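In: With the input below, show me the fold.
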Amino acid sequence: MGVLNHLIAPRRPARRHLAATLRSPLGALLLPQIERLGLSVGETPGDGPTGSAWSRAYVLGAACASLQHQDAAPASDRDCFAVALTAFAMTYGEEQARDILAATVVAAEAHEPEVEDGLLHGASDLALVATGQADTAALQFVVRNAAEISGT
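Out: Coordinates of the predicted model:
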């Protein structure tokens, strides 16, 4: 239950970290993709293609990878959890963020192949954005979800 222990962390409002996250590589990765899907911050559906195990894992992988691109390392596991929770709030909304994150962590701990693939793509795309090598149109969250939404 290692990762799940972080879910017991005291509840903190996601807004505390949202402003900083929007200006971070994590925000630079997620926001343009959410917008390209025609959605707004916090309004990505938690079901359908954008709420699939792969999509949720993509957000978690990006959040985890973003910790390597911060000016200073997070002070605690709670800080790491707060970054992940903020990424899920930015994507799926504050009301659903905690539950979707918890379900994603359970799937990651089960080593589900779809989840592992999403984790890797999220981390890879975050690295591209953080180093300025990303083509927003080629980032995997928007590419995969746009194709699934359109049925192609």
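In: contacts and neighbour counts: CA atoms only from here.
Out: Noted.
In: what residue is smack in the middle of this structure?
Out: Nearest residue to the geometric centre of the chain (CA atoms, centre = their mean): Val59, 1.9 Å.
In: May I have the secondary structure class of it?
Out: helix (DSSP: H, G, I helix; E, B strand; the rest coil).
In: same thing with the one 4 residues further on?
Out: Counting by three-state DSSP, the backbone at Ala63 sits in helix.
In: For the protein, give me the ranges with low pLDDT.
Out: Counting by pLDDT under 70, the chain shows low-confidence ranges at 1-23, 69-76, 152.
In: where do the helices sit along it?
Out: 15-22, 25-36, 53-66, 77-92, 94-109, 113-130, 140-150 (DSSP state H).
In: so can I have CSV of those showing distance to Asp47?
Out: Output for the helices of the chain, formatted as CSV (distance: least, CA to CA, whole Å):
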stretch, distance to Asp47
helix 15-22, 23
helix 25-36, 15
helix 53-66, 10
helix 77-92, 10
helix 94-109, 10
helix 113-130, 15
helix 140-150, 12
